[in-house]
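Quick one, fold the following:
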Amino acid sequence: MVTATEVGQLAGECNLWRGILRSFRNGFIKYQTILLQIAAGQDNKDVMLEIEHLHNQIYIQLINIHDLKQEIKKHVATIGAERSLLGRMTDYTLARHEFIFDEYQRLETGLHILSREFDRFMKYMSQA
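Predicted coordinates:
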């Protein structure tokens with residue numbers, strides 16, 4: 001059986017994940033703005049293709065961030081409801097927590113990769 005302390009810990013983990021995803025979202029929104037500014041004065045087709053690629057990848061990841069944040073939010077509500085109604089979490093909710101954590105880790109890895117790709121592009125642009 002999961003104790004109240006453990007339930008609180010799981011909800012805390014979820015809030016931490018959401019906060020990190022929020023930070024990524026804010027950073028990616030800034031990246032989009034920078035890409036649009038670079039694109040406005042650009043006539044190099046290769047650079048424009050890279051801008052388009054990055055812009056599309058950022059857009060997709062922003063959707064992924066939103067979807068996972070919503071899933072985590074629903075999960076936290078389930079944790080709270082089970083805590084109030086049952087005094088514990090069900091095995092399903094515990095398994096769901098592990099699944100969401102795996103999804104979070106996969107997404108976070110992808111977000112770091114995209115951030116590095118954006119940084120490499122910006123370094124290239126500063127040298128061009």
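
low pLDDT regions in the protein?
Along the chain, segments meeting pLDDT under 70 span 1-5.

rerun that using 50 as the cut-off
Along the chain, segments meeting pLDDT under 50 span 1.

quick check: longest helix of it.
In the chain, assigned by DSSP state H, the helix with the most residues is helix 45-85.

on contacts alone, who are the packing partners of that one?
helix 4-40, helix 91-127 (3 or more C-beta pairs under 8 Å, 6 or more residues apart in numbering; DSSP states H and E). Where you see a C-beta, it was placed from the backbone N, CA and C, and this is true even at glycine.

Figure out how far the last one is from the centre of its chain.
Which is helix 91-127. Going by C-alpha atoms, centre = their mean, to the nearest Å, the spacing between the C-alpha centre of helix 91-127 and its chain's C-alpha centre is 6 Å.

quick check: angle from that helix to helix 45-85?
Here helix 91-127 points in a direction 160 degrees away from that of helix 45-85 (axes from the mean of the first three to the mean of the last three C-alpha atoms, to 10 degrees).

go on, the first one?
Going by the same axes, to 10 degrees, helix 4-40 is angled at 160 degrees with respect to helix 45-85.

That concludes my questions; thank you for your assistance.
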